[in-house]
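# The following comprises the amino acid sequence and a computationally predicted model.
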Amino acid sequence: MDKLQLIAEIKRLVGKADIEHALQRLVEELEKAGSSLANDAIQAQSLFQKTQKDEKQGLVSFENARLNYNQVTDQILDLLETLKKEEVSEIQRKPAKRLLPWILGGVLILGAVIAALVFSNKQEELPPVADPSCPAFEDTMAFKILVLPFRPLRQGEVPSDDIHWQIKGKLAELNDQAGINAGIEFYKIDVIKDKGRYPLTTKEAERIARDCNAQLIIWGTTENEAMGKNIVLTKYKFLNIDLKKLLITGDTEVDTLTSLSSIFTEGLLTEGIFANMQLLFGVIANEMGKPEEAIAQLENIQPGDSAAHVLVNMVLSDSHLATNHPEKALENVNKVLETHPAYPLALNNRAVLNFEMGNTTEALNDINTMIELKPDTAKLVEAFMARSAIHLKIQAIDKAEQDLEKASELKPQYDKNIQQLRTAIFDEKKVLLNIKREAERKIQSNPEDTKALEDKAGADKALGNKQEALSAAKAAAANDSKDPRVHSILLEEAVRTNDTNSFKKLTKKAEQVGISRKELIQNAPVLQERFKTTIRQ
């Protein structure tokens, strides 16, 4: 196949987000031609296939997976650019050989002149030059968007103004609807003459956005097919966009702070211009403190790719939190985790939302998953502290202390939140020890005192004294106790010893005295899974 035809075919596949097929064709043709670029293509294909496999098995976070996919796309485009240069070089090779001595001589002379100029002025420090292509955004603009003209991929194609004007027009329309006062301006670049300055990677685009003081940059490529169809590849990059990360603080209240998550700030858009701009403007609305407008823009969007699916649902979750609808926020986080079960921010937020709603078992499950993913030290400290706070809430003081100790070992320097949590655990432990001592005093006077036996069982369980708790619970149950703490202790022991018959009898007895399964699970979250198994049996 002709190199230019191959380049056009691969670019069409990339434009359709069919990266797998693009890599397959690229490797096939490069290997067939014996090109030295074949190894680079095979490496890109290996990274793509490994990322796909790891993502399906939950071995890689969605953020890292997306970064890998973006890296593969950039590698493909770089290979195509190299192929194009090789083709041009082959065409010009013969005349170039005749001119080579003259060219070399000219380069040497020019090099000497440049060296002399640099040496004579080496002491002078020149101030940084502002990018002349940057537009003049008005200072009053609340959000600044930079749009680049789209670069034609085919050599000799005339760039079309239609695409970036459509983008600006749609953004302007959405801006008027929301009243956000966003500035939408063009980057002044001739995509033909200044081709070398056009961004090929997200990093290059980010540099342009920062130089122009923009918070969102949109750029891309376009290619006209023989049938007149226009293939458009649109990229975007947000700078400094924050989404809420929920935390459980030392006093077991839910706190919020903003946490940058790069996966939401860049991506490849492959749908129509209307849906693309609606999606991006929903993110902008949320960032500008207009959650109702963000919800209006995003709730009816049907994302066409994995990144857009995560982006839409996480921003919707963020907006629902801002409008005080945690149950809807939970629904959106669940949608993210259905497709990306190891996404850290979604796991964290779902754990805290469940914690607030009293679903401690679900909260603990998500935090356990986060810890198993072995995140960086800061995230691991947060996870251990969150689990410690949940254990404190359900009065599992021994486990709360263990998790806090792990957090302290990872972060030995003073931390206000760790100290607050330590104080809360200490205070609760002191209360439980007093309850235990008072109960034991009453039992000594009257071994049949059911209330004292119940209190002792509950206090000992919370303090981690399992055998003492079990002994007191059995004595209280013999007196027909109706305390959920007593029955949950006995059921936990049946689970631990795998005594199915005892578990069924104890469950029936708890129901007879009016104790619901929800109450039992609140006292012993481990029972939730066991109850599910019993129902299936």
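In hand now; what should we look at? In this text the structure is predicted, and so the values were computed from the model without any measurement. Numbering: from 1, shown residues only.

# which stretches of the stretch 1-150 of the chain form strands?
143-147 (DSSP state E, counting those that start in this stretch).

# What ranges in it fall below the confidence cut-off?
1, 15-16, 62-63, 87-130 (pLDDT under 70).

# Mind doing that once more with 50?
91-127 (pLDDT under 50).

# where do the strands sit along the stretch 201-350 of the chain?
For the stretch 201-350 of the chain, the strands defined by DSSP E, counting those that start in this stretch occupy 216-224, 230-238, 242-248, 254-260, 266-269.

# The first one packs against which elements?
To tie it back to what came earlier, the one meant is strand 216-224. Under the contact criterion of 3 or more Cβ pairs under 8 Å, 6 or more residues apart in numbering; DSSP states H and E, strand 216-224 touches helix 3-15, strand 143-147, strand 151-152, helix 162-178, helix 202-211, strand 230-238, helix 273-287. C-betas here are computed from N, CA, C, even on glycine.

# residues in contact with Leu26?
Leu6, Ile10, Ala41, Gln45, Ile76, Leu79 (Cβ atoms under 8 Å, 6 or more residues apart in numbering).

# Just give me the neighbour total for Leu470.
Per other Cβ atoms under 10 Å, the neighbour tally for Leu470 reads 18.

# Dihedrals phi and psi, it?
phi -60, psi -40 (degrees, to the nearest 10).

# Let me know the pLDDT of it.
Note on Leu470: pLDDT of 95.

# Return the distance of it relative to Ile515.
18 Å (Cβ to Cβ, to the nearest Å).

# just Thr500 next, same as before
Taking Cβ to Cβ, one finds Thr500 at 20 Å from Ile515.

# Gly58 now?
37 Å.

# So which bits of the host helix or strand of Met370 are buried?
According to DSSP states H and E, Met370 maps onto helix 360-372. By 16 or more other Cβ atoms under 10 Å, the buried positions in helix 360-372 come out as Thr360, Thr361, Glu362, Ala363, Leu364, Asn365, Asp366, Ile367, Thr369, Met370, Ile371.

# Who's the closest spatial neighbour of Thr82, skipping the chain neighbours?
Excluding its sequence neighbours, the residue lying closest to Thr82 (Cβ to Cβ, 6 or more residues apart in numbering) is Leu37, at 6.3 Å.

# What number of residues are in the vicinity of that neighbour?
Leu37: 18 neighbours (other Cβ under 10 Å).

# Please apply the same query to Arg197.
Residues near Arg197, counting by other Cβ under 10 Å: 14.

# Hmm, Ile189 and it touching each other?
Yes - in terms of Cβ atoms under 8 Å, Arg197 counts as a neighbour of Ile189; the distance is 6.3 Å.

# and for these two, which residues touch both?
Ser133.

# about what we covered before: quick one: which of the strands of the stretch 201-350 of the chain has the weakest pLDDT on average?
strand 254-260 (a mean of 45).

# Glu20 is in contact with Phe48, isn't it?
Yes - taking Cβ under 8 Å as the definition, Glu20 is a contact partner of Phe48 at 6.9 Å.

# For these two, indicate the residue with more neighbours.
Phe48 (21 against 14).

# Quick check: chain neighbours aside, which residue is closest to the more buried one?
Closest to Phe48 by Cβ to Cβ, 6+ apart is Val72, at 4.8 Å.

# ditto for Phe355
Ala363 (4.1 Å).

# For Ile394, see how far away the one you found is.
10 Å.

# domains for the chain, by residue range?
3-99, 143-238, 242-413, 443-536 (automatic domain parsing).

# Reformat those as JSON lines; add distance to Gln420.
Putting these into JSON lines (distance: least, Cβ to Cβ, whole Å) gives the following:
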{"stretch": "domain 3-99", "distance to Gln420": "29"}
{"stretch": "domain 143-238", "distance to Gln420": "34"}
{"stretch": "domain 242-413", "distance to Gln420": "3"}
{"stretch": "domain 443-536", "distance to Gln420": "20"}
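
# Figure out which of those is closest to Ser133.
Nearest to Ser133 among the domains of the chain is domain 143-238 (4.4 Å), distances taken as Cβ to Cβ.

# so who does the closest residue in space to Leu243 that isn't next to it in sequence touch?
With Cβ to Cβ, 6+ apart as the criterion, Leu243 has its nearest non-adjacent residue at 5.0 Å, and that residue is Asp318. Counting by Cβ under 8 Å, 6+ apart, Asp318 makes contact with Leu243, Lys244, Asn286, Pro291, Ala294, Ala329.
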